[in-house]
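>>> Pasted the sequence and its predicted model underneath.
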Amino acid sequence: MSDQLDRASEFEELVRQQSIQKHRLKMIDKSAVRFCIDCEDELPPLRQQMGCNRCVNCQTIIEQRQRNYKKG
């Protein structure tokens, strides 16, 4: 039972963080994003040009969390 509660809690946190990030993006002009929205490290020029809002490391973490939750 606690595993289910832990997963539900993790999912809730993930959804909350995604909602906050979506709101942040609405507040910023995408072409002006120079820093990762999670760790605030400067994004490489190519990622800036592609309109990315996360560095490779933070994006990888997000994708792994999403994959792990789907496996549930």
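Good, I have the coordinates.
>>> what packs against the helix or strand Tyr69 falls within?
According to DSSP states H and E, Tyr69 maps onto helix 56-71. Counting contacts by 3 or more CB pairs under 8 Å, 6 or more residues apart in numbering; DSSP states H and E, helix 56-71 packs against helix 2-27. To be clear about C-beta, it is placed using only N, CA and C from the backbone, and glycine gets the same treatment.
>>> any idea how far the residue nearest to the spatial centre of the chain lies from Ser2?
In the chain, the residue lying closest to the centroid (CA atoms, centre = their mean) is Ile62, at 5.1 Å. As defined by CB to CB, to the nearest Å, Ile62 lies at a distance of 25 Å from Ser2.
>>> same question, Glu12
Distance of Glu12 to Ser2, computed by CB to CB: 15 Å.
>>> Over to Glu40. Which of the three states is it?
Here Glu40 takes the coil state, with states given by DSSP: H, G, I helix; E, B strand; the rest coil.
>>> how about Phe11, what does it touch?
Residues in contact with Phe11, defined by CB atoms under 8 Å, 6 or more residues apart in numbering, are Tyr69.
>>> Would you mark the buried spots in the helix or strand Leu46 falls within?
Element membership of Leu46, judged by DSSP H and E, is helix 45-49. Neighbour-count burial for helix 45-49 flags Arg47, Gln48 (criterion: 16 or more other CB atoms under 10 Å).
>>> got a list of contacts for that helix?
Applying CB under 8 Å, 6+ apart, the set of residues contacting helix 45-49 is Val33, Arg34, Cys55, Val56.
>>> Most neighbours out of the residues you listed, which is it?
Greatest neighbour count in these, by other CB atoms under 10 Å, goes to Cys55: 20 neighbours.
>>> Give me the number of neighbouring residues for the closest residue to that residue other than its chain neighbours.
Counting by CB to CB, 6 or more residues apart in numbering, Cys36 is the residue found nearest to Cys55 once chain neighbours are left out, at 4.2 Å. Cys36: 19 surrounding residues under other CB under 10 Å.
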